[in-house]
Every structure is written in structure tokens, then in C-alpha cells.
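Q: Show me the folded form of this:
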Amino acid sequence: MTTTDVRTHTAVVIGSGFGGQCAAIALRKRGIDDVVLLERRDFMGGTWCQNSYPGAAVDVQSPLYSISSEPYAWSQMFAEQSELEEYTEHVIAKHGLRERTVTGANVTEVRWDDDAWLITTEAAGTFRAQFLINASGPLSTPVVPPFPGIEEFEGATFHTNNWDHSFDLAGKKVAIVGSGASAAQVIPAIQPEVGELHVFQRTPHWVMPRPDRTFTPLQRRLLGVRAVHRAVRTWTYWSLETRMIGFKYSERMLKRVAQRSALAHIERQIADPELRAKVTPDYTIGCKRIILSNTLYPALAAENATLHDKHDGIDHLDATGIVTASGEHLDLDLIIWSTGYDATDGVISYPVVGRGGRRLADVWETYPRAYLGTAVPDFPNLFIVTGPNTGIGHTSAIFVIESQMEYITRAIAAVRDAGARSIEVTAEAEDDYTSMIHREMDRTVWKRGGCHSWYQSKSGHVIAMFPGFSFTFRALARRFRPEHHRIAA
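A: This is a model prediction of the structure:
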């Protein structure tokens, strides 16, 4: 294929991580076989193939953090990155997705053209599709803050999202900027190896014990049995779903149970009063993402580790290291950026131009919004996987992705059953849905917990999370409402 060719398909899916895989599988199960996935990297798999930093692991129990129709003989309760990559490859191979994927297809623009989407890529040509599903994921565009002097540093630097495995950490002077979920896994993984470790923490996270376990060979075999897999998933799902009671309906329960447990975790693992104070948050647990770790606090308390809090943060960088707010100069060999992603205002990283030339960036100028986090008025046949307000703080993101597939496949079926060309949600339905979302959000710890987190957009609205039980979202997604949509013949 040359770059001047236009390839036409019934559906194009942008992204080949779990969201893209679920989309392709769901469409094919419903008789839409003409599906192609576009992947900007030169390999498939998304997050768990890209994020290979030391210590990378999932923070939801593996039997639930998996595609419901794809049981797997997991080796431990919280799978590490290498096993998640193996699982991803298993799904890709089983469903023949590699043959349906174009890698190196970095999308530069998508544009509605009367009755179909034109998808322009940087090096893989142009694609035309009746239906377009964006599954690029909210954690795909890493962010590095513009610290003064950042371009002057002559040592090595990289983001946790792009770990350089060729860099020899042994005995090196290393700084890691950030203290969120990725940093909490990297820090204990590299602390025993490096000479010095400086951790720059803007705001502490609540940390709770990680209830991990290794499965026996028999247990692994049983997990691969569909009935056992379903039973374990069901038990795990409902045990996690109860957390939403605290996140939304009972702050007292959050503080009495979860926060008390987290405080006890600090007391058990850190003896130094000064370090204890630095790692103890001043907001309600759950307002920011809760970290599960048995090894983070011992690593921070190690002799070769120093925790710099907001009072001693980064003033600027120079050629040889970091100068802190207190004026101390840190000579460094490596700076690791664990500074997160553009996960709210930058949900979609490429320009999207809808009906009448309307740009999604303009629609989302105030804050990102979508009906069921999936559909936007004036953008026919466009569906956004893990879009605004589809994040979940207490259970598996894959459960929500599969819930979105319920809505997406029903919407596409409505078009095909009517012999029509397009479907779009009405402005009234989207506005009613979004208004409901933010009314409900006002009752949650993410809005009322006293913190500022990446869950919020620049507007202050909480954009990342769904403010309710995940089974509520699935029920909404399953109930396709024709009156909320316009179908064009």
C-alpha cells in the first residue's frame, strides 16, 4: 500500500490496547468482520506492552482485570507487566487481531466526510470508515512539566512510559519526579540498585497494603476453566464494588475503615516521625488514586533514599542536576519523569473534525463531555472508548470498556438494521446525561475530598471518573434509547 491509497472499511479502531481489542472482538461477534485497527507504535498491545518500567504491575486483581470471555491461568493475584503482556499477546493471537492491525499508523486527523470518516495517518496512508472507534486510551500521552532549565540537563532522562532498559542503574545518582502509581512501583524496584535515590513528591498518596498472592499450579489450572474463572470474577467484582459506598455515600466509613488502615500502614513501616509526616496526606482517602504497596514505604525509608516534599521541590535544573527550593544542588546521573499523562483535557491527542466542520477541541474547550462517555453530538458514528467520566476508582477498567461495547454495538446495529448511514446522539440527551454526571459527582470523594488530582480537568470538573457503581454504568449502556439519537438514512 502506498501513502496515497485510501483503504475503505466498515469500522476503523484507533488503538490496539485492551480497548481496541475489546472493540474489534465485539464488532466481529456481531457480524462486522471488516474491521481494521490502527496502532501508532510499531508493536501492538497498548499500556501493558508499552509500560515496561521496573516493578510495573496491575493494581486490580488479575482474574477481574481481564476480558470476560478470555479466562487465563494467572500466576499471581496482581499480575506483573510481563504476564499482562503475555495475556495481551494471547488475546491478539486467538482473535487474529495482528492480521487486522496496521502498525506505525500515527493518526494526524480524523474528519467526517458526508457519510464516513476519513482517517489520515502520518506514514500509513488514509483510511475511510463508516464507523470510527477511538480506543487510544487516556493514559497514552505522557506529560513532563516545563521545569526551568530542563533543556540544560546533560544527564540521562526518560518518562516511565518510555523506560530506557539500556541505562545501567547500578550505583547511579537518580531522581524520580512524581509519587503516583507508576512511581510507587518504580521506587522500590530500583532503590536497592542505585547509589542515591531522590524522590520528588508534590502531594502524598494514601497507600494501603497490597493483598497479593502467588497461585499454586492447581489454582492456575482452575483459573483457566471458564466456570471457575467466572465464579472468581464475580466474587472479586462484588467485593470491590462495595468500595463505592465509601467513595460516594459514606465519608465516615472511608475514614473509619480505609483511612485508619492506611495510617496504620504508615506506622508499621516508617519509624522516622519526619518521614511519616511527609507521606501522610491531608485529604480524605480516595480523593486521589489509592496506591497498593507493601514495599514503597521501606524503600523511602532506606539509607540511600531521600524524599523531597512540596516544601523542598524542584526550583530548576542545570547541566549536572537539580537545584531544590532550599538551594541544595543534587548531582544526578538520571532523572526519571513519573509525571503522569494528559488524561482529561487531552483524552484524544489528534484533531477530530465532525459534521459541518465542528472541531471536538472546540466542543471540549470548557471540559470534555460525552453521552455515556462515548458519543458526542455533531460527530456521527464516532465512539470514544474510555472517554470522559468512564474511569473507575474501585474496580476493573475493562469492565467499563466492555460496558461501553454494549452501547456501541447496539448503536451500530440500529444503523445497520435501518439501512441507514449514520447515528449521533442528540445535544439534549448529551446535555441531560452530562448534567446528571456532575450533579452526582458533587457527592463523591473525588469532588469533596479536599485534593486536586489528575481526575480533574483544567475547569475543575472531575472528568476521569464515573460517579457511581459500575453496574449502574453497565445498565445505562445496555439500555439503548433510540429517542436519544438521530439516525440519518
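Q: which regions of the stretch 151-300 of the chain sit below the pLDDT cut-off?
A: Across the stretch 151-300 of the chain, nothing is flagged by pLDDT under 70.
Q: What segments of it are helices?
A: Secondary structure of the stretch 151-300 of the chain (DSSP state H, counting those that start in this stretch): helices at 181-190, 217-223, 226-241, 243-244, 251-253, 260-269, 273-279, 296-300.
Q: so who does residue 380 touch?
A: By C-beta atoms under 8 Å, 6 or more residues apart in numbering, the residues touching residue 380 are 112, 354, 355, 422, 423, 424, 488. For glycine as for every other residue, the C-beta is placed from the backbone atoms N, C-alpha and C.
Q: are any of those residues buried, and which?
A: 112, 354, 422, 423, 424 (16 or more other C-beta atoms under 10 Å).
Q: Around residue 200, how many other residues sit close by?
A: 24 (other C-beta atoms under 10 Å).
Q: shouldn't it be in contact with residue 313?
A: Yes. Taking C-beta atoms under 8 Å as the definition, residue 200 is a contact partner of residue 313 at 6.0 Å.
Q: quick one: low-confidence ranges for the stretch 351-489 of the chain?
A: In the stretch 351-489 of the chain, no residues with pLDDT under 70.
Q: can you give me the strands in it?
A: Counting by DSSP state E, counting those that start in this stretch, the stretch 351-489 of the chain has strands at residues 352-353, 382-384, 422-425, 485-488.
Q: Please write out the alpha-carbon positions of the last one in PDB.
A: This file holds the C-alpha atoms of strand 485-488, laid out as PDB (Å, rounded to 0.1, in the frame of the first residue of the first chain):
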ATOM      1  CA  HIS A 485     -30.400   9.600  18.900                       C
ATOM      2  CA  ARG A 486     -30.800  10.800  15.300                       C
ATOM      3  CA  ILE A 487     -30.400   8.100  12.600                       C
ATOM      4  CA  ALA A 488     -29.700   9.500   9.100                       C
END
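Q: hang on, the earlier thing: quick one: closest of the strands of the stretch 351-489 of the chain to residue 138.
A: Nearest of the strands of the stretch 351-489 of the chain to residue 138, taken as C-beta to C-beta: strand 382-384 at 10.0 Å.
Q: Please identify the pairing partners of that closest one and their relative orientation?
A: Under the criterion DSSP bridges, strand 382-384 sits next to strand 126-134 (parallel) in its sheet.
Q: Tell me the gap between the strand it pairs with and the middle of its chain.
A: Centroid displacement of strand 126-134 relative to its chain, using C-alpha atoms, centre = their mean, to the nearest Å, is 23 Å.
Q: buried sites along that strand?
A: Of all the residues in strand 126-134, those buried under the rule 16+ other C-beta under 10 Å are 127, 128, 129, 130, 131, 132, 133, 134.
Q: and if you look at stretch 62-74?
A: By 16+ other C-beta under 10 Å, the buried positions in stretch 62-74 come out as 62, 63, 64, 65, 66, 67, 70, 71, 72, 74.
Q: Report the beta-bridge partner residues of residue 126.
A: As for beta bridges, residue 126 partners with residue 6, residue 120 under DSSP bridges.
Q: my read: it touches residue 9, true?
A: No. Judged on C-beta under 8 Å, residue 126 makes no contact with residue 9 at a distance of 11.7 Å.
Q: quick revisit: quick check: of the contacts of residue 380, which lies closest to residue 101?
A: For those, the nearest to residue 101 is residue 112 (23.6 Å; C-beta to C-beta).
Q: That closest one contacts residue 353, doesn't it?
A: Yes. Contact criterion C-beta under 8 Å: residue 112 and residue 353 qualify, at 6.6 Å.
Q: tell me the domain ranges of this protein?
A: If you go by automatic domain parsing, the domain ranges for the chain are 6-44+97-141+342-488, 150-205+242-337.
Q: Select, out of the ones you listed, the one closest to residue 58.
A: It is, among those and with distance given as C-beta to C-beta, domain 6-44+97-141+342-488, at 9.0 Å.
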